[in-house]
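All I have is the shape, not the residue letters:
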Ligand SMILES: C[S@@+](CC[C@H](N)C(=O)[O-])C[C@H]1O[C@@H](n2cnc3c(N)ncnc32)[C@H](O)[C@@H]1O
């Protein structure tokens, strides 16, 4: 293969701004100028795959894409899907020690429990929530307990629904829980771990662009939206936070990522501790 085949395709400043405008309109992600090289590198592969030789041609193609399919593929290519099991472990301790006992007593009559993982990436977050629920709710099978896990990227959702992870990824699950909640397959060097069917059956994976209409009615007892809004501008974050608030049950908990906070946004949540909020 000639090395030129793998070179990035030239992206001018004005083409970068056109791409950034399309991305912002489609999913709220704000691409500042510092992201130009990243966008160029990641989208060059996509352009080559489609047989385009310039960003101008690709931008024209995106603008004509009334189905939204290419926008989805482009977002798949540029979005950052970094995640891990039990990421920000203190959230799962808080879920087990404070949130779930509260919900169990509040919803003792209906035995209904709903959690939303908004921006779930490849599934590590909702599976960590499911494991925490299994470990901390006695008699969970008597509950109508479900997790909705959504993302804009169909690529990560396919991985999430499959629920199969390599050994390195499940290292952050303590061995006791790993053995209890995953089946392992393959010889030592190729060992993979698959979430057990009871975990999978608790989670519904669905594609949802947070910028669009949300079909679910709620209410949710807890919403995780961690390390997602970080890419959005302030008005978008403020609007989203208000929508999460409306969809939570009174007493419901809202988790954001470790580097995020609602400071500076207009909202009605009660601050509990850094990155944890509650609907009064
Ligand atoms: C960095 S990952 C965070 C995953 C997980 N919540 C965590 O904290 O480990 C951010 C995820 O948000 C998703 N995302 C970005 N913009 C989105 C949008 N407008 N609607 C839905 N998901 C979006 C990305 O596809 C990506 O999977």
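On my side now, so go ahead. Here the structure is a predicted model, which is why all the values come from computation and not from measurement.

got the contact list for the residue most central in space within the chain?
Closest residue to the average C-alpha location of the chain: residue 119 at 1.9 Å, with Cα atoms, centre = their mean. Going by Cβ atoms under 8 Å, 6 or more residues apart in numbering, residue 119 touches 150, 151, 152, 210, 225, 226, 227, 228. To be clear about C-beta, it is placed using only N, CA and C from the backbone, and glycine gets the same treatment.

do that again at 6 Å, thanks
151, 225, 228 (Cβ atoms under 6 Å, 6 or more residues apart in numbering).

Separate out the buried members of those residues.
Those of these that meet the buried threshold are 151, 225, 228, by 16 or more other Cβ atoms under 10 Å.

Looking at the residues you listed, which are in strands?
151, 225 (DSSP state E).

okay, the buried ones among the contacts of residue 119 in JSON lines with pLDDT and distance to residue 126 next?
JSON lines is the format used below for the buried ones among the contacts of residue 119 (pLDDT from 0 to 100; distance: Cβ to Cβ, whole Å):
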{"residue": "151", "pLDDT": "95", "distance to residue 126": "10"}
{"residue": "225", "pLDDT": "98", "distance to residue 126": "12"}
{"residue": "228", "pLDDT": "94", "distance to residue 126": "13"}
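
near the ligand too, which of the buried ones among the contacts of residue 119?
151, 228 (Cβ under 6 Å from any ligand atom).

Nearest to residue 139, out of the buried ones among the contacts of residue 119: which one, please.
Proximity to residue 139 was ranked across those by Cβ to Cβ; first place goes to residue 225, at 29.1 Å.

Can you tell me which of the contacts of residue 119 comes closest to residue 89?
The closest of those, once distances to residue 89 are taken by Cβ to Cβ, is residue 225, at 17.9 Å.

Bridge partners for the closest residue to that closest one other than its chain neighbours, pull those for me.
In space, and not counting its chain neighbours, residue 225 is closest to residue 118: 4.3 Å by Cβ to Cβ, 6 or more residues apart in numbering. For residue 118, the beta-bridge partners are residue 150 (DSSP bridges).

What is the burial count for residue 118?
Using other Cβ atoms under 10 Å, the number of residues around residue 118 comes to 23.

just the one 10 residues further on next, same as before
Using other Cβ under 10 Å, residue 128 is surrounded by 26 other residues.

I'd like to check which residues are in contact with it.
By Cβ under 6 Å, 6+ apart, residue 128 lies in contact with 85, 86, 92.

Serialize those residues to JSON lines and add fields for neighbour count and pLDDT.
What follows is the contacts of residue 128, written out as JSON lines (neighbours: other Cβ atoms under 10 Å; pLDDT from 0 to 100):
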{"residue": "85", "neighbour count": "22", "pLDDT": "98"}
{"residue": "86", "neighbour count": "20", "pLDDT": "98"}
{"residue": "92", "neighbour count": "21", "pLDDT": "98"}
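
Let me have the residues you listed in a markdown table, extended by distance to residue 197 and secondary structure.
Shown next, in a markdown table, are the contacts of residue 128 (distance: Cβ to Cβ, whole Å; DSSP: H, G, I helix; E, B strand; the rest coil):
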| residue | distance to residue 197 | secondary structure |
| --- | --- | --- |
| 85 | 18 | coil |
| 86 | 21 | coil |
| 92 | 22 | helix |
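
Would you reformat those as CSV and include distance to residue 205?
Below are these laid out as CSV (distance: Cβ to Cβ, whole Å):
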residue, distance to residue 205
85, 16
86, 19
92, 20
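
what's the average pLDDT for the host helix or strand of residue 62?
Under the criterion of DSSP states H and E, residue 62 resides in helix 55-64. In this model, helix 55-64 has a mean pLDDT of 94.

Likewise for stretch 40-47?
92.

That stretch: which residues count as buried?
40, 42, 43, 44, 46, 47.

Need the contact partners of it.
8, 9, 11, 58, 77, 78.

Now the last one: closest residue in space that isn't a chain neighbour?
The shortest distance from residue 78 to any non-neighbouring residue, by Cβ to Cβ, 6+ apart, is to residue 42 (5.1 Å).

All set, thanks.
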